[in-house]
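This is the structure alone, sequence omitted:
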């Protein structure tokens, strides 16, 4: 009798303990979920509100003939996209944008790395040189563009005066279709140079010095050998990040075009973002401008993914 009265009590206790454990695990999972959503929720909300919803809105508008300020619209399907690819102005701005990005990105990366190496190898005034080269990146684009407009003035600009003083030919840099896009690219390099330099300096600081010592022992005692065998491979992740960020900023160029050239002369300096702005807010062809925005987004995402895929194969992570 004593055995039969003890066994049910033990089973009941074990069952109650198991239920308490299950409840505790559920409370723990709920607490983890609440904590995770409380941390990720604001970022997820901003991502949806600031990226996904605007993208959906732009795609929807691109399928209509809506004009900015109009109270009615009609669904036109892919008509806007067909017009985009038939538009000579769009093709000209696309070619200009690709040329601009093709100059700005490698120019910014090469010069940024070169200046970073020079500053890192120096013995004094490192902070001063870093600040001087980083100032253009901190300056407002409007003030920067106005300063460049004064420097490049065809008659009183310092650039032409310096060239004339050396007996070299001068030019109307911002009104000549043969020079305007190159001048904008130089301004773009100058603007982004400090950003890439700072990132390369941070990457150089993180390279262990014993790797250079090992390279010296292996016979890489010249600076070019150390650069080729140690510095550049170790800076692989920084190269990839700088390339992608500078490329995105180059595609995003608008202010300098708007202030300095307004896309002229002709379409010689018109970039995609300026074309999008002009069609949407000057000509009020919002549906057509939205279709340009969709094409622009696809081009940028495609080139960025290709660039990241190609560079990632050559990057060596520590």
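Sure, I can see it. Remember, it's a predicted structure, so these values are computed and weren't measured experimentally.

Low-confidence stretches in the protein?
For the chain, applying pLDDT under 70 flags the ranges 1-16, 18, 123, 313-318.

try 50 this time
1-7 (pLDDT under 50).

Show me it divided up by domain.
Using automatic domain parsing, the domains assigned to the chain come out as 1-62, 79-312.

Would you reformat those as CSV and include mean neighbour count and distance to residue 71?
For glycine as for every other residue, the C-beta is placed from the backbone atoms N, C-alpha and C. Output for the domains of the chain, formatted as CSV (neighbours: other CB atoms under 10 Å; distance: least, CB to CB, whole Å):
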stretch, mean neighbour count, distance to residue 71
domain 1-62, 11, 14
domain 79-312, 17, 13
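
who wins for proximity to residue 68 among those domains?
Closest approach to residue 68 among those (CB to CB): domain 79-312, 4.5 Å.

Can you measure across the closest one, start residue to end residue?
One end of domain 79-312 to the other measures 38 Å (CA to CA, to the nearest Å).

ranges for the helices of the stretch 1-150 of the chain?
In the stretch 1-150 of the chain, the helices defined using DSSP state H, counting those that start in this stretch lie at 2-47, 53-62, 79-86, 88-121, 126-138, 141-151.

To residue 280, which of those helices lies closest?
Closest to residue 280 of those, according to CB to CB: helix 53-62, at 9.5 Å.

Report the inter-axis angle for the closest one versus helix 79-86.
Helix 53-62 runs at 90 degrees relative to helix 79-86, counting by axes from the mean of the first three to the mean of the last three CA atoms, to 10 degrees.

Please list the outside residues in contact with helix 53-62.
80, 81, 286, 287, 290, 291, 293, 294, 297 (CB atoms under 8 Å, 6 or more residues apart in numbering).

of the residues you listed, closest to residue 237?
Distances from residue 237 to the contacts of helix 53-62, taken by CB to CB, are shortest for residue 297, at 26.0 Å.

what's the closest of the domains of the chain to residue 72?
Among these, domain 79-312 comes nearest to residue 72, with 12.1 Å by CB to CB.

coming back round to it: now the helices of the stretch 1-150 of the chain in a markdown table, with distance to residue 174?
Listed next are the helices of the stretch 1-150 of the chain as a markdown table, based on distance: least, CB to CB, whole Å:
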| stretch | distance to residue 174 |
| --- | --- |
| helix 2-47 | 39 |
| helix 53-62 | 32 |
| helix 79-86 | 28 |
| helix 88-121 | 14 |
| helix 126-138 | 19 |
| helix 141-151 | 7 |
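
so which of these comes closest to residue 224?
Short answer: helix 88-121, nearest of those by CB to CB, at 11.3 Å.

Centre of the chain to the closest one, how far?
Remark: helix 88-121 is offset 12 Å from the chain centroid, using CA atoms, centre = their mean, to the nearest Å.

Is residue 311 in a helix, a strand, or coil?
Assigned by DSSP: H, G, I helix; E, B strand; the rest coil, the conformation of residue 311 is helix.

so what's it up against?
Contacts of residue 311 by CB under 8 Å, 6+ apart are 239, 240, 243.

swap in residue 141?
Counting by CB under 8 Å, 6+ apart, residue 141 makes contact with 191, 255, 256, 259.

Sitting in helices, which of those residues do you find?
191, 255, 256 (DSSP state H).

will you turn these into TSV that also has distance to residue 148?
Converted to TSV, the ones in helices among the contacts of residue 141 look like this (distance: CB to CB, whole Å):
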residue	distance to residue 148
191	10
255	11
256	8
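
picking that back up, distance to residue 69 added to the domains of the chain, as CSV?
Converted to CSV, these look like this (distance: least, CB to CB, whole Å):
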stretch, distance to residue 69
domain 1-62, 13
domain 79-312, 7
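
Looking at these, spot the one closest to residue 70.
Checked against CB to CB, the stretch from the domains of the chain lying closest is domain 79-312, at 8.2 Å.

Kind regards, and thank you for your time.
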